[in-house]
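>>> quick one, structure for this:
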Amino acid sequence: MTDLQKLLAQDSVEPTPELVAELSAALRSPDPQVRDAQAYELLDYCIPLMEPELRDWLGQQMAARFTDPQIQARTFAPLILAVLVHHGAYRPAWHAAFARWYPAETDLRGHHPELGWLHAVAHGADLLGALGRCPQVDPAPLLELARERLLAPTGHLFDAMEDDRLGRAVALVLTRTELTEQQSVDWLAPIAADFRAGEPGPVPAHASNTMRTLRVLYLLADRGVRAPRQEDGPALALAHAGAVREAVAATLAVCSPYAG
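Here you go, the predicted model:
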């Protein structure tokens, strides 16, 4: 076994196939120090240095993780895929595996006292946003995928800024100039219908999560959104920002009529 902590202290690391395979395996660890602070950090560093064939191999491994029985294995896969996509690696099969998993995942815990960060919604949002900026990906279905995640039944209230991460991801998708104005807002119609179908009583968790995510999206439609790893750069404008603001406001007004 490689001493991963020692590797982290080195000035440079060579991403050999053997090391990448070991890091991939470590990314399944229930120990957050091994998984998050070591394997993830080293893979994040190594991915830009990898040969294309090794990136493809790693992407295939991560796509297969979406059916892993261990929650931490499933939820760290999208983080690595997001880094791969950011650095220009993309395969439709990775995208398809993610699209099957993301709205269907039921374990939405943010942080666990023993397992550390799980964060399925937030980590999946990072991949959603990376795909949203990927020129090989049609952006319109990504908006529908975000909606599916929001409307999926759950008893879990976002408690670790998942609404911020998902709102940012949707905003990144909406920066794509290929989207028509209609495509930029039509995905909201089923959300408005879900709000209208609500009954008196406690707000369902999924509805509360959706409301808070849409509020983040409204803010970013107004101010712009910064791409991952470019937070110091200029904000990107949403392609149809005005229409998105109006559609989000109208959707929120269904359950918050005082909003105007």
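>>> what residue in this protein is the furthest from its centre?
residue 200 (31.8 Å; Cα atoms, centre = their mean).
>>> doesn't that residue lie inside a helix?
No - per DSSP: H, G, I helix; E, B strand; the rest coil, residue 200 lies outside any helix segment and is coil.
>>> measure it to residue 255 for me?
Taking Cβ to Cβ, to the nearest Å as the measure, residue 200 falls 12 Å from residue 255. C-beta here means a position set from N, CA and C on the backbone, and glycine is covered the same way.
>>> ditto for residue 226
Look at residue 226 and residue 255: by Cβ to Cβ, they are 29 Å apart.
>>> repeat for residue 2
Residue 2 is 52 Å from residue 255, by Cβ to Cβ.
>>> out of those two, which sits in the busier spot?
residue 255 (17 against 13; other Cβ atoms under 10 Å).
>>> who are the contact partners of that one?
195, 198, 203, 207, 211 (Cβ atoms under 8 Å, 6 or more residues apart in numbering).
>>> please convert those residues to JSON lines, extending it with neighbour count and secondary structure.
What follows is the contacts of residue 255, written out as JSON lines (neighbours: other Cβ atoms under 10 Å; DSSP: H, G, I helix; E, B strand; the rest coil):
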{"residue": "195", "neighbour count": "19", "secondary structure": "helix"}
{"residue": "198", "neighbour count": "12", "secondary structure": "coil"}
{"residue": "203", "neighbour count": "13", "secondary structure": "coil"}
{"residue": "207", "neighbour count": "18", "secondary structure": "helix"}
{"residue": "211", "neighbour count": "19", "secondary structure": "helix"}
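>>> before we move on, back to that, now do the phi/psi pair for the residue farthest from the centre of the chain.
Backbone torsions for residue 200, taken as degrees, to the nearest 10, come to phi -60, psi 150.
>>> next: the one 10 residues further on.
Summarising the backbone geometry of residue 210 under the convention degrees, to the nearest 10, its torsions are phi -70, psi -40.
>>> please name the nearest non-neighbouring residue to it.
The shortest distance from residue 210 to any non-neighbouring residue, by Cβ to Cβ, 6 or more residues apart in numbering, is to residue 150 (4.3 Å).
>>> now swap in residue 144 and tell me
Using Cβ to Cβ, 6+ apart, the nearest residue to residue 144 is residue 187, at 5.5 Å.
>>> contacting residues around the one you found?
By Cβ under 8 Å, 6+ apart, the neighbours of residue 187 are 140, 143-144, 146-147.
>>> what about the nearest residue to residue 28 once chain neighbours are set aside, neighbour count?
Leaving aside its chain neighbours, residue 28 sits nearest to residue 73 (4.2 Å; criterion: Cβ to Cβ, 6+ apart). Residue 73 has 20 neighbours, counted by other Cβ under 10 Å.
>>> now swap in residue 19 and tell me
18.
>>> is it in a helix, a strand, or coil?
Going by three-state DSSP: residue 19 is helix.
>>> residues in contact with it?
Going by Cβ under 8 Å, 6+ apart, residue 19 touches 2, 13, 46.
>>> ok, now residue 150?
166, 191, 206, 209-210, 213.
>>> mind checking which of the residues you listed are buried?
Among the contacts of residue 150, those scoring as buried are 166, 191, 206, 209-210, 213 (criterion: 16 or more other Cβ atoms under 10 Å).
>>> sort out for me which of the residues you listed are in helices.
166, 191, 206, 209-210, 213 (DSSP state H).
>>> okay, the residues you listed in JSON lines with distance to residue 31 and pLDDT next?
JSON lines is the format used below for those (distance: Cβ to Cβ, whole Å; pLDDT from 0 to 100):
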{"residue": "166", "distance to residue 31": "27", "pLDDT": "98"}
{"residue": "191", "distance to residue 31": "38", "pLDDT": "98"}
{"residue": "206", "distance to residue 31": "32", "pLDDT": "98"}
{"residue": "209", "distance to residue 31": "29", "pLDDT": "98"}
{"residue": "210", "distance to residue 31": "34", "pLDDT": "98"}
{"residue": "213", "distance to residue 31": "31", "pLDDT": "98"}
